[in-house]
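Trainee: sharing a model prediction with you, sequence too.
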Amino acid sequence: MWIDTPATRLLKIRYPIVQGPFGGGASSVELASIVSNLGGLGSFGAQHLAPAEIGELVARMRAQTAAPFAINLWVDNADAAMAGFDSATFARHVARLKPVYAALGLEPPAFPNRFGQDFDEQVAALIEAAPPAFSFVFGIPSPAILEACRQRGIVTIGNATTVAEARAIEAAGVDMLVATGAEAGGHRVSFLQAPDSVLMGNFALLPQVRDAVALPVILAGGIADGRGIAAALTLGADAVQIGTAFLACEESGTAALHRAALFSGQATDTVLTRAFTGRLARAIRSGFAEDAESGADGIAPYPAQGWLVRTLRASAIEQGRSDLLPLYAGQSASLLRHHHATGLFGALVAETDEAFRKAALRSRDE
Ligand SMILES: Cc1cc2nc3c(=O)[nH]c(=O)nc-3n(C[C@H](O)[C@H](O)[C@H](O)COP(=O)(O)O)c2cc1C
């Protein structure tokens, strides 16, 4: 039966279906706990949370589910260029965004104390709270962190965009990995090479990763229905991670404007852009992204760019300006049909059963 795999055994879940974590506030306890309670692995992207909030988050998850779930962090959470990012550089970037602030009726922001969170502080809080699983992107935590996870029984899940990254994750002693193809919504999480130099699609990436490592492999990117799950498992995956289809559900933490865009004709057209955070990510095409990409020296490093764009968020939502929001989406967004996580999860299981039943009939008829 397709549901029993090395990944489901290690994670102690019923179905090999992971709801992908969403950073920046797009995750929700409700969505992640629904998926975990249905027998998948719900995940919460905590990249933007302060250490104290991570402890509270794990307690809130535990109050909603007795089943396993994952908390996700970004290992490398500041670009090297942040070292020289002073108030004068900040002022240049704010000046570039002046027309946008003006259009929204906002005062330009002042130089903040910090642009993002500190990974070491976040991960110390995570280990203390000991969620069932810890998934991470943009690198591999130190041996001491991985050892602390082992001691506290936290299953560790790395993310690879290349065979070399998969090998590095295995060599570090991580428990399992997500292979994530260029189809995926959100950030390209490469850490050994520049992300735009290694845009591998899943049909090429998965079999090579499968051959290179013995770890359980979860496939992410462009999977939105049971056909995709059956194909991923047939190609060698032990589980799938689905992002955009869960993000589109009303239980996710993203804005209603974002969910509406995912179900619109706009969602057929996604681009890779640094416009929203300073790091390459797949989102629905927008004038904001294209203007930022075309302006010389126009995009600040991560996390400063993300901080700047975030200052627009509340007003953009209030004024219906979805063009100013990061509308992250994977390449399969036009396959979306479900608005609720329970219905989506049930359909994913039933469709995968059906896809394997059809494949068995086909091979019997041959
Ligand atoms: C809005 C959004 C935010 C995301 N944030 C994170 C994150 O913080 N950490 C992470 O590991 N993956 C993140 N991802 C990736 C998803 O967890 C998942 O791997 C990806 O969406 C799978 O591709 P799909 O969207 O085509 O299904 C994000 C994806 C989206 C769409």
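Mentor: Noted; the coordinates are in hand.
Trainee: who's in contact with the residue nearest to Asp353 when sequence neighbours are not counted?
Mentor: Nearest in space to Asp353, with sequence neighbours left out and distances taken as C-beta to C-beta, 6 or more residues apart in numbering, is Gly226 at 7.4 Å. Where C-beta positions appear, they are placed from N, C-alpha and C, glycine not excepted. Contact analysis of Gly226 by C-beta atoms under 8 Å, 6 or more residues apart in numbering lists 347-355.
Trainee: ok, the residues you listed vs the ligand, which is closest?
Mentor: Leu348 (11.5 Å; C-beta to the nearest ligand atom).
Trainee: by contact count, what packs against the strand or helix carrying the closest one?
Mentor: Secondary structure assigned from DSSP states H and E places Leu348 in helix 341-365. Contacts defined by 3 or more C-beta pairs under 8 Å, 6 or more residues apart in numbering; DSSP states H and E place helix 341-365 against strand 17-19, helix 29-37, helix 226-234, helix 244-247.
Trainee: nearest to the ligand, of those?
Mentor: When these are compared by C-beta to the nearest ligand atom, helix 244-247 sits nearest the ligand, at 3.5 Å.
Trainee: is the ligand contacted by that closest one?
Mentor: Yes - with C-beta under 6 Å from any ligand atom as the criterion, the ligand is reached by helix 244-247 at 244, 247.
Trainee: and the helix or strand following that helix, how far out from the chain middle?
Mentor: Using DSSP H and E, the next helix or strand after helix 244-247 towards the C-terminus is helix 256-262. Averaging C-alpha positions (C-alpha atoms, centre = their mean, to the nearest Å) puts helix 256-262 17 Å from its chain's average.
Trainee: list the buried residues of helix 256-262.
Mentor: The neighbour-count check on helix 256-262 (16 or more other C-beta atoms under 10 Å) flags 257-259, 261-262 as buried.
Trainee: what does the pLDDT read for Val18?
Mentor: Model confidence at Val18, expressed as pLDDT, equals 99.
Trainee: got the contact list for it?
Mentor: 40-41, 43, 70, 178, 218, 220, 239-242 are the contacts of Val18 under C-beta under 8 Å, 6+ apart.
Trainee: please name the bridge partners of it.
Mentor: Leu41, Gln241 (DSSP bridges).
Trainee: roughly how far apart are it and Asp76?
Mentor: Val18 is 22 Å from Asp76, where distance means C-beta to C-beta, to the nearest Å.
Trainee: try Ala164
Mentor: Noted for Ala164: a distance of 16 Å to Asp76, by C-beta to C-beta.
Trainee: also Ala275?
Mentor: The spacing between Ala275 and Asp76, counted by C-beta to C-beta, is 20 Å.
Trainee: who has more neighbours out of these two?
Mentor: Counted by other C-beta atoms under 10 Å, Ala275 and Asp76 do not tie: Ala275 has more neighbours, with 22 against 16.
Trainee: next, count neighbours for the nearest residue to Gly186 once chain neighbours are set aside.
Mentor: Spatial nearest neighbour of Gly186, chain neighbours left out: Tyr328 (4.8 Å); criterion: C-beta to C-beta, 6+ apart. Tyr328: 26 surrounding residues under other C-beta under 10 Å.
Trainee: how about the contacts made by Tyr328?
Mentor: 22, 26, 185-186, 244, 247, 258, 281-284.
Trainee: and the gap between it and Glu183?
Mentor: Tyr328 is 13 Å from Glu183, by C-beta to C-beta.
Trainee: quick check: Ser27 touching Ser43?
Mentor: Yes - at 7.2 Å, Ser27 counts as touching Ser43 under the criterion of C-beta atoms under 8 Å.
Trainee: which residues do these two both contact?
Mentor: Taking C-beta under 8 Å, 6+ apart as the criterion, Ser27 and Ser43 both touch Pro21.
Trainee: residues near whichever residue of the stretch 51-200 of the chain sits closest to the ligand, how many?
Mentor: The stretch 51-200 of the chain approaches the ligand most closely through Gly186 (2.6 Å), counting by C-beta to the nearest ligand atom. The criterion is other C-beta under 10 Å. On that basis, Gly186 has 28 neighbouring residues.
Trainee: right, and it touches Thr277 too?
Mentor: No - between Gly186 and Thr277 there is no contact under C-beta under 8 Å: 10.0 Å.
Trainee: and the residue of the stretch 51-200 of the chain closest to the ligand, backbone torsions?
Mentor: Phi and psi for Gly186, reported as degrees, to the nearest 10, are phi 90, psi -160.
Trainee: if I look at it, how far off is Thr254?
Mentor: According to C-beta to C-beta, Gly186 stands 11 Å off from Thr254.
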